[in-house]
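Student: Predicted model and sequence below, questions to follow.
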Amino acid sequence: MLKKSLLEKLYIKYNHLCYVSPDPLQFCRPYKYKEQQEIVCLIAASFAYGNVKQIIKAVNNILLNLGPKPKEFLLNTSKAELCKIFKNFKYRFTTGAETADFLWAISQTVKEYGSLENLFLKFYKPNKDFVFALKNFAAHLRSYGNINTLIPNPAKNSALKRLNLFLRWCVRCDEVDLGCWTGVDCADLLIPLDVHMHRAAKTLGLTKRNQADLKTALEISANLAKINPQDPIKYDFCLTRFGIRPDMSEKDLEELAKKL
């Protein structure tokens with residue numbers, strides 16, 4: 001059985017700002033105020049698919065266009081202006097037009113609810129169906145235009161990795177995660193399941209499932225909750241460094257797992 005002591009040792013050793021790069025999370029901390037941080041977090045997390053170097057380049061490009069105060073920029077920029085600014089932007093499957101729709105969805109949500117957190121809290125109830133809140137949050141953002149490559153269809157069986165990553169950054173608070181939201185309980189969070197976390201989870205016996213889907217994300221989160229009920233995804237960052245950073249291979253994690 002996976003021991004909490006091993007996870008805690010990994011957390012203590014690797015859950016530090018010096019291990020963040022390369023990770024789109026690196027863009028979020030320089031913003032001082034919560035209302036800016038949540039917007040930057042959603043942008044950075046939503047583009048977190050594909051090659052990490054290209055992700056960093058794309059997110060940097062977008063934020064340079066938004067300036068030092070993304071919230072104010074978006075609230076004062078029309079849809080037509082966004083389309084013009086990002087006309088020639090492209091990242092993998094995401095076009096400039098889709099990027100403009102995505103940023104428009106953020107601006108209109110903030111105008112209507114005051115913040116992205118307030119929208120999420122409309123659907124969220126502590127210790128209730130977190131997937132319900134997650135899917136409705138996604139559906140609301142998608143209602144403003146075509147943002148299929150950035151916010152996946154919640155009606156499908158996707159693990160919604162990037163939204164769960166966004167929520168981890170905003171809800172948890174430590175040296176790595178920002179904790180710019182205060183209304184959501186860490187105990188309810190789901191693991192941001194990508195290929196790196198999936199392999200790490202299988203290595204550590206947190207799942208035997210081969211599909212990196214929502215059911216697997218729920219299973220891994222539930223097993224982590226048995227180890228740390230108050231903060232089950234506390235170990236996501238340190239576990240996913242293996243295989244992402246060039247100095248931390250997945251074989252290193254396998255060797256650690258053998259010591260269980």
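Tutor: All right, it came through fine.
Student: residues contacting the spatially most central residue of the chain?
Tutor: Of all residues in the chain, the one closest to the mean position by Cα atoms, centre = their mean is residue 165, 1.8 Å from it. By Cβ atoms under 8 Å, 6 or more residues apart in numbering, the residues touching residue 165 are 45, 48, 192. Every residue, glycine included, has its C-beta placed from N, CA and C.
Student: which element is the last one on?
Tutor: In the assignment (DSSP states H and E), residue 192 maps to no helix and no strand.
Student: next one: the first one
Tutor: Taking DSSP H and E as the criterion, residue 45 maps to helix 34-46.
Student: all helices of this structure, in order?
Tutor: Taking DSSP state H as the test, the helices found in the chain are 4-14, 34-46, 52-66, 70-75, 79-85, 96-113, 116-123, 130-142, 161-171, 195-203, 214-227, 236-240, 250-257.
Student: among these, which is nearest residue 185?
Tutor: helix 161-171 (7.9 Å; Cβ to Cβ).
Student: Please compute how far that closest one lies from its chain's middle.
Tutor: Offset of helix 161-171 from its chain centre (Cα atoms, centre = their mean, to the nearest Å): 3 Å.
Student: Next: stretch 115-128.
Tutor: The chain centre lies 16 Å from the centre of stretch 115-128; the measure is Cα atoms, centre = their mean.
Student: which parts of that stretch are buried?
Tutor: 115, 116, 117, 119, 120, 121, 123, 124 (16 or more other Cβ atoms under 10 Å).
Student: Same check on stretch 221-233?
Tutor: 221, 223, 224, 225, 227, 228, 231, 232, 233.
Student: cool, and stretch 155-162?
Tutor: 158, 159, 160, 161, 162.
Student: My guess is the first one contacts residue 151. True?
Tutor: No. Counting by Cβ atoms under 8 Å, residue 151 is not a contact partner of residue 158; they are 10.1 Å apart.
Student: list residues touching both of the two?
Tutor: Contact with both residue 158 and residue 151 is made by no residue, according to Cβ under 8 Å, 6+ apart.
Student: which outside residues touch stretch 31-45?
Tutor: 24-25, 27-29, 59, 62-63, 69-71, 74, 102-103, 106, 110, 115-117, 162-163, 165-166, 169-170, 178, 180-181.
Student: can you rerun that using 6 Å?
Tutor: By Cβ atoms under 6 Å, 6 or more residues apart in numbering, the residues outside stretch 31-45 that reach it are 24, 27-28, 59, 70-71, 106, 116, 162, 165-166, 169-170, 178, 180.
Student: How far off centre is it?
Tutor: Distance, stretch centre to chain centre, for stretch 31-45: 12 Å (Cα atoms, centre = their mean).
Student: can you dump the C-alpha coordinates of that stretch into PDB?
Tutor: C-alpha atoms of stretch 31-45 as PDB (Å, rounded to 0.1, in the frame of the first residue of the first chain):
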ATOM      1  CA  TYR A  31       0.500  39.000 -10.700                       C
ATOM      2  CA  LYS A  32       0.000  40.400  -7.200                       C
ATOM      3  CA  TYR A  33      -3.800  40.600  -7.000                       C
ATOM      4  CA  LYS A  34      -6.300  37.800  -6.900                       C
ATOM      5  CA  GLU A  35      -8.500  39.200  -9.600                       C
ATOM      6  CA  GLN A  36      -5.600  39.200 -12.000                       C
ATOM      7  CA  GLN A  37      -4.300  35.800 -10.900                       C
ATOM      8  CA  GLU A  38      -7.400  33.800 -11.500                       C
ATOM      9  CA  ILE A  39      -7.600  35.100 -15.100                       C
ATOM     10  CA  VAL A  40      -4.000  34.300 -15.800                       C
ATOM     11  CA  CYS A  41      -4.400  30.900 -14.200                       C
ATOM     12  CA  LEU A  42      -7.300  30.000 -16.500                       C
ATOM     13  CA  ILE A  43      -5.500  31.200 -19.600                       C
ATOM     14  CA  ALA A  44      -2.200  29.400 -18.700                       C
ATOM     15  CA  ALA A  45      -4.000  26.100 -17.700                       C
END
